[in-house]
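Q: Predicted model and sequence follow; I will ask about them next.
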Amino acid sequence: MPGPKFVRPYFYPAVYSNLDISKSYFWLSANNYNLLNNFSASLTVSAITPPIKYFTKEFIITLWDNQKFELTFSPSPSSFAFINGIEIVSMPDSFYVRGNDNPPTYVGSDFFYLDNTTALETVYRLNVGGQDINSLGDTGMYRTWNQDSRYLLGSPGNTPYLSGVKIKYTAKTPAYSALVMVYRTMRSMVDAGFHYLLRLHFCETRLEVQYENDKVFLIYINNQTAQYDADVIHMSGGNGIPVYKDYIVLVPQGSQSKQDLWLALHPNMESKPRYADAILNGLEIFKLNTTDGNLAGLNPEPAVAPPPAEQNSSLQERRTGKRSSILHVIGIVGGSIGAVIACSLIVYFFAFKQERVKDSSKSEEKSTRTLLSETSRSTTTISSSLPTDLCRRFTLVEVKEATRNFDDQNIIGSGGFGTVYKGYIEYGSIAVAIKRLDSSSKQGTREFQTEIKMLSNLRHLHLVSLIGYCDDHGEMILVYDYMSRGTLREHLYKTKSSPLPWKQRLEICIGAAKGLHYLHSGAKHTIIHRGVKSTNILLDENLVAKVSDFGLSKLGPTSTSQTHVSTVVRGSFGYVDPEYYRRQHLTEKSDVYSFGVVLFEVLCARPPVIASLPEEQASLADWGRKCYQRGTLDQIVDPHLKGEVAPVSINKFAEIASSCLHGQGIERPNMGDVVWGLEFALQLQQTAEKNPNSEDGISIKNKSSLSPHRSVMASDEDDMLSGAESHSRSTFSTDAASVTLSDPVQRPRSEGVFSEIIDPKGR
Ligand SMILES: Nc1ncnc2c1ncn2[C@@H]1O[C@H](COP(=O)(O)OP(=O)(O)OP(=O)(O)O)[C@@H](O)[C@H]1O
């Protein structure tokens with residue numbers, strides 16, 4: 001049967017027919033895959049402590065259509081080969097080698113193309129914080145999971161955590177993926193000169209951790225940042241839902257053949273998570289070999305030259321005689337055998353207790369910054385005011401390499417700042433967006449410096465990350481994470497993209513609102529974006545919204561300063577807050593206004609201004625508000641949404657959008673309220689989908705159902721609760737799995753949102 005297979009040879013190096021087992025050295029290949037090189041089972045056994053008598057190795061290879069499975073043993077000169085048992089187990093397609101749709105994250109500057117021509121050799125499979133699991137206890141693939149405690153160097157406080165939470169597998173992480181849970185960090189010692197695939201399994205099971213940004217941590221592999229913002233709730237979709245992530249790293253050859261492979265998890269305090277914590281539930285490490293027998297990437301010299309191909313033989317064609325393979329099948333060694341760890345493993349655990357951020361932020365911030373400064377690669381002097389410790393400074397040569405010398409074919413857009421190129425850094429392994437300041441641009445040095453200072457200090461799941469900048473030779477270039485799904489606008493109108501489903505639109509709006517909320521109240525100073533629009537909300541490969549383009553940003557009022565008075569009104573046509581325009585008084589409520597326009601763009605899939613329309617309809621801000629107030633929303637809602645959307649959800653959404661567009665800033669909600677309101681709209685949609693026949697179910701499409709509701713965007717919490725309660729009695733199910741709004745404690749996100757409103761620095 002074609003497809004990926006586990007191949008597990010078993011070895012019991014005892015005395016067989018007077019053969020001196022210590023003289024057995026051989027190569028083992030499976031079809032085109034080179035599995036073992038000049039291998040000695042007795043040496044392997046003697047290297048293991050505590051001593052064992054037998055062991056198995058595990059490989060992953062792929063069988064192609066119509067291919068016979070052939071195992072070839074090739075002994076060294078004057079030697080012999082043997083094997084005691086072979087296990088071949090099929091596995092689901094695209095499970096460990098996941099193809100281009102789910103590429104692993106490349107750590108560091110090295111690139112390794114992982115596909116079905118690569119043989120994976122299991123090095124470790126750890127049930128972090130749990131017990132050994134023998135092959136029969138696995139999810140049907142007969143994998144062995146080892147407990148990590150035996151590799152512990154010792155660090156107090158890292159007690160395993162066992163949760164009673166029910167694990168909810170998903171299509172992305174099906175039940176066969178893995179088991180168990182816990183918190184941890186480790187390092188291990190492995191063969192140098194190889195690429196390794198690390199699969200990290202996560203499952204958030206602490207009941208108090210429910211929402212995105214509750215726990216955000218950095219993953220360092222070999223002292224390089226593998227992931228800046230690991231957020232298990234975001235990656236998996238919720239508490240109790242497992243997820244795994246793959247990383248490929250090269251362990252370079254140094255003076256020693258064994259090198260440490262470090263894995264460290266560290267809370268990311270810059271994202272201001274609720275808990276200064278990091279978790280890891282399971283860990284698999286595979287050594288990668290290419291099918292041509294070369295060691296992945298580096299091709300170090302094998303101890304003995306491999307045998308010529310014609311001397312190979314297969315299981316089917318056992319040949320005897322000098323230099324042919326000798327097969328001693330003594331019988332399958334059954335039962336549970338601990339996975340062999342051919343090289344020593346040292347695990348070092350960081351202990352992260354569940355502490356509030358406030359208590360530990362200083363030291364964490366320090367360690368994060370230290371690491372970031374290590375990755376910066378400054379080569380020449382730096383203009384004094386730009387940060388060098390928080391983001392990387394690129395040379396012009398590096399930027400030119402990344403963009404093929406600013407090739408027009410790499411252009412992905414242009415804005416007030418200049419031209420934006422797609423580029424690749426780190427030997428082509430990381431895609432980036434490179435903004436090059438156009439010297440004729442109205443924006444200039446000031447915005448350039450603002451953007452660097454602003455973004456390098458801010459990290460949030462819903463903000464586009466600044467990777468670095470280049471200021472060589474008078475150039476002003478910014479390098480960002482590349483957002484592969486482009487701008488939000490590209491998914492709404494004048495587009496070939498298929499229309500976004502309603503829930504996806506809501507999630508995007510919620511994400512963008514959270515990004516803005518963070519700018520307004522999560523950072524040290526209030527930051528006013530001033531350029532909120534649908535082209536400044538970008539989408540990553542998972543359609544996660546990220547707010548971008550801080551070139552126009554301003555630091556807003558703080559408790560000690562006055563509201564900012566601006567001399568030049570900035571912003572884009574159709575989005576500018578009329579109050580700001582009139583009074584030139586800048587507050588964060590101007591962003592709220594612009595975001596209201598974005599919300600109507602999302603709802604109606606049309607641009608903010610269409611000059612050719614009758615005057616009443618030309619401005620989306622005015623027209624959207626009017627239609628909401630008149631109860632004629634159905635005239636303007638994107639026709640693609642009809643029949644899919646619960647009227648209550650649309651109404652709630654339009655109510656928030658309208659409130660954002662209030663003429664007076666003081667009457668507009670703040671972004672925290674907007675986040676809550678949008679989450680409520682999502683909740684209404686989800687509930688309506690569960691109860692399609694209820695009054696607010698999806699089937700109701702008539703005009704009167706799209707009318708203004710009593711506002712639940714009240715300024716005081718009691719009002720909001722009473723509004724929510726009246727809904728819950730008539731509309732919401734009491735299904736324990738769904739959130740019922742009759743219980744204020746369970747109201748989605750409300751506690752988090754309100755704690756932020758009351759004390760923006762309280763998290
Ligand atoms: N990080 C990114 N990833 C992918 N594409 C990007 C990224 N940043 C910008 N772009 C693309 O480049 C275009 C121009 O972006 P830019 O931020 O310079 O201008 P803008 O926001 O459209 O206009 P303005 O600067 O006048 O406000 C965007 O519309 C988008 O298509």
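A: Received it, and whenever you're ready, just let me know what you need. All of these numbers come straight from a predicted model, not from anything done at the bench.
Q: Now Phe217: closest residue in space, sequence neighbours ignored.
A: Excluding its sequence neighbours, the residue lying closest to Phe217 (C-beta to C-beta, 6 or more residues apart in numbering) is Ala278, at 3.6 Å. C-beta: built from backbone N, CA, C; applies to glycine.
Q: For Met235, see how far away that neighbour is.
A: Separation of Ala278 from Met235 (C-beta to C-beta, to the nearest Å) stands at 13 Å.
Q: Grab the CA positions of stretch 29-45 and hand them over as PDB.
A: Taking Å, rounded to 0.1, in the frame of the first residue of the first chain, the C-alpha atoms of stretch 29-45 are listed here in PDB:
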ATOM      1  CA  SER A  29      18.300   1.000   3.500                       C
ATOM      2  CA  ALA A  30      14.600   0.800   2.700                       C
ATOM      3  CA  ASN A  31      14.000   1.400  -1.000                       C
ATOM      4  CA  ASN A  32      15.800   4.600  -1.700                       C
ATOM      5  CA  TYR A  33      16.100   5.700   1.900                       C
ATOM      6  CA  ASN A  34      19.400   5.200   3.700                       C
ATOM      7  CA  LEU A  35      18.400   4.300   7.300                       C
ATOM      8  CA  LEU A  36      21.500   3.100   9.100                       C
ATOM      9  CA  ASN A  37      25.100   3.800   8.300                       C
ATOM     10  CA  ASN A  38      27.900   1.400   9.400                       C
ATOM     11  CA  PHE A  39      25.600   0.500  12.300                       C
ATOM     12  CA  SER A  40      26.500  -1.600  15.300                       C
ATOM     13  CA  ALA A  41      23.700  -2.800  17.500                       C
ATOM     14  CA  SER A  42      26.000  -4.100  20.200                       C
ATOM     15  CA  LEU A  43      27.800  -0.700  20.400                       C
ATOM     16  CA  THR A  44      24.400   1.000  20.600                       C
ATOM     17  CA  VAL A  45      23.300  -1.200  23.500                       C
END
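Q: Can you mark which positions in it are buried?
A: Taking 16 or more other C-beta atoms under 10 Å as the basis for neighbour counts, the residues of stretch 29-45 that come out buried are 29-42, 44-45.
Q: Kindly report the same for stretch 412-428.
A: Buried residues in stretch 412-428, counted by 16+ other C-beta under 10 Å: Gly415, Phe417, Gly418, Thr419, Val420, Tyr421, Lys422, Gly423, Tyr424, Ile425.
Q: which residue packs closest to the last one, ignoring adjacent ones?
A: Spelled out, that is Ile425. Nearest in space to Ile425, with sequence neighbours left out and distances taken as C-beta to C-beta, 6+ apart, is Ala402 at 5.1 Å.
Q: residues near that neighbour, how many?
A: 25 (other C-beta atoms under 10 Å).
Q: picking that back up, mutual contacts of Ala278 and Met235, please.
A: Overlap between the neighbourhoods of Ala278 and Met235 is empty, taking contacts as C-beta atoms under 8 Å, 6 or more residues apart in numbering.
Q: More neighbours: which of those two?
A: Between Ala278 and Met235, counted using other C-beta under 10 Å, the more crowded position is Ala278 (24 against 20).
Q: so how far is the ligand from that one?
A: Using C-beta to the nearest ligand atom, to the nearest Å, we find Ala278 at a distance of 27 Å from the ligand.
Q: Residues of the stretch 451-600 of the chain that sit close to the ligand?
A: 464, 480-483, 486-487, 531, 535-536, 538, 548-549 (C-beta under 6 Å from any ligand atom).
Q: try 5 Å
A: For the stretch 451-600 of the chain, the contact set with the ligand under C-beta under 5 Å from any ligand atom comprises Tyr480, Tyr482, Met483, Thr487, Gly531, Thr535, Asn536, Asp549.
Q: So among the buried residues of stretch 412-428, where is pLDDT lowest?
A: Sorting the buried residues of stretch 412-428 by confidence puts Phe417 at the bottom, with a pLDDT of 73.
Q: Dihedrals phi and psi, it?
A: Here is the backbone geometry of Phe417 (degrees, to the nearest 10): phi -80, psi -30.
Q: Could you check how far it is from Leu437?
A: As it turns out, when the distance is counted by C-beta to C-beta, Phe417 lies 6 Å from Leu437.
Q: what does Tyr220 give?
A: For Tyr220, the distance to Leu437 under the criterion C-beta to C-beta works out to 33 Å.
Q: now Asn37
A: When C-beta to C-beta is applied, the distance between Asn37 and Leu437 equals 53 Å.
Q: quick one, what contacts the closest residue to the ligand within the chain?
A: Of all residues in the chain, Gly415 sits closest to the ligand, at 1.9 Å by C-beta to the nearest ligand atom. With contacts defined as C-beta under 8 Å, 6+ apart, the neighbours of Gly415 are Lys435, Thr535, Asp549.
Q: quick one: the last one and Arg530 touch, right?
A: No - Asp549 is beyond contact range of Arg530, at 9.7 Å (criterion: C-beta atoms under 8 Å).
Q: got the residue ranges for the strands in the stretch 501-650 of the chain?
A: Assigned by DSSP state E, counting those that start in this stretch, the strands in the stretch 501-650 of the chain fall at 527-528, 537-539, 545-547, 554-555, 564-565, 585-586.
Q: burial of Pro614, as a residue count?
A: Applying other C-beta under 10 Å, we find 8 residues neighbouring Pro614.
Q: do Tyr113 as well
A: Close neighbours of Tyr113, defined as other C-beta under 10 Å, add up to 13.
Q: Tell me how this protein divides into domains.
A: With the TED database serving as the domain definition, the record reports that the chain contains domains spanning 1-91, 117-299, 390-482, 487-690.
Q: What I need now is those domains written out in TSV, including distance to Thr105 for each item.
A: As requested, those are arranged in TSV below (distance: least, C-beta to C-beta, whole Å):
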stretch	distance to Thr105
domain 1-91	19
domain 117-299	5
domain 390-482	9
domain 487-690	12
